[in-house]
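S.K.: Predicted model, plus sequence, below.
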Amino acid sequence: MRFLRMLLLVSATLIATVGPALAMPELHGEYTTVDQWPLPAMINPGDHGPWVSELQIKLNEAGFRAGDPNGEFGRETLAAVYAFQKVHDLERDGVFRRDDWDLLDDALTVPGDAPEDTRVEVDLDRQVLYLIEDDRVSLVLPISSANGQTYTHSSGSTVRAVTPEGAYEFYKKVDGWRISYLGGLYRPFYFSGGYAIHGSGSVPPYPASHGCIRVEMWDMDYLAAELELGMPVYVYGARNDRSSIVPTPPLSAGDIVEQRLSNALNVLMPI
């Protein structure tokens, strides 16, 4: 009996001393350091722990698909960090830095006006896809578009890899794999000729395709449920500015009156 009491006492002591050191603090919404889990200067692919979970939560809330907040910095989180870095014109190295936290609190803004409130916009310069619903950015995905290199076409001629730019609509989709002479296209949504937005197992943070717009496989599964045939698609940024591709919405009668009044005031009281 005496031995049993001593064993229970030792066990209680170990629980009291070891338990708190192993417990993960509740970090959501908190950017202050804690004794056991100080805020790291960098969070790298392959890292794990509570700050990775916090990063995943904040990325998801900001419109970047980082996957389940499981505390593991895997491929989904890496893709989301790439998209975050591209949007904010940061180095595309997949490393999330201490100074980046504040940027996650900035709401994503639409790239500009367009005639349609719901649409897809692809910025080839930033290498991102915007899904815009009700004129709000629903999410931003990393893409990989044409690399500009030459390759042999199915006709046998040598052609250069180019992603077409312009104002399009989705006109065809395949709910599964389509195998072409250049490789596999997962759940492609076609917007111009044989060019599509499709899932791929290779989506580096730079242009690498033969012309199609690659997204991650899990992102394509999500997009396939959101996209519709006939939905407008605007592709720009490599050779054409957005302003030359996306039509300016027509002004309403109220907008015209407001603009004329503003012009008259500027004549009377120039700034």
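M.R.: Yep, it's here.

S.K.: what residue ranges in the stretch 1-150 of the chain score low on pLDDT?
M.R.: Along the stretch 1-150 of the chain, segments meeting pLDDT under 70 span 1-36.

S.K.: now do 80
M.R.: Judged by pLDDT under 80, the stretch 1-150 of the chain has its weakly predicted residues at 1-37.

S.K.: Quick one: the strands in it, in order.
M.R.: 42-43, 96-97, 119-123, 128-133, 136-142, 150-152 (DSSP state E, counting those that start in this stretch).

S.K.: Output the contacting helices and strands for the last one.
M.R.: Contact analysis of strand 150-152 by 3 or more C-beta pairs under 8 Å, 6 or more residues apart in numbering; DSSP states H and E lists strand 158-160 as its packing neighbours. The C-beta positions use only the backbone N, C-alpha and C, and glycine is treated the same way.

S.K.: And the strand it packs on, what does it pack against?
M.R.: strand 150-152.

S.K.: Mind listing the strands the strand it packs on pairs with, and their directions?
M.R.: strand 158-160 (antiparallel) (DSSP bridges).

S.K.: ok, and what's touching the very next helix or strand once past the strand it pairs with?
M.R.: Downstream of strand 158-160, the first helix or strand assigned by DSSP states H and E is strand 166-169. Here strand 166-169 makes contact (C-beta atoms under 8 Å, 6 or more residues apart in numbering) with 191-192, 229-235, 240, 245-247.

S.K.: one step back: for the strands of the stretch 1-150 of the chain, which one sits closest to residue 106?
M.R.: strand 136-142 (11.5 Å; C-beta to C-beta).

S.K.: how about the closest one as CSV, C-alpha atoms only?
M.R.: C-alpha atoms of strand 136-142 as CSV (Å, rounded to 0.1, in the frame of the first residue of the first chain):
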residue,chain,number,x,y,z
ARG,A,136,-16.0,40.0,-54.1
VAL,A,137,-12.9,37.8,-54.2
SER,A,138,-14.0,34.4,-53.0
LEU,A,139,-10.5,32.8,-53.3
VAL,A,140,-7.1,33.2,-54.9
LEU,A,141,-5.3,30.1,-56.3
PRO,A,142,-1.7,29.7,-57.5
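
S.K.: any idea of the angle it forms with strand 128-133?
M.R.: 160 degrees (axes from the mean of the first three to the mean of the last three C-alpha atoms, to 10 degrees).

S.K.: From the chain's centroid, how far away is strand 136-142?
M.R.: Relative to the chain's own centre, strand 136-142 is displaced by 6 Å; criterion: C-alpha atoms, centre = their mean, to the nearest Å.

S.K.: Residues contacting it, please?
M.R.: Here strand 136-142 has contacts from 63-65, 79-80, 82-84, 86-87, 108-110, 127-132, 203, 205, 215-216, 219, 222-223, 226, using C-beta under 8 Å, 6+ apart.
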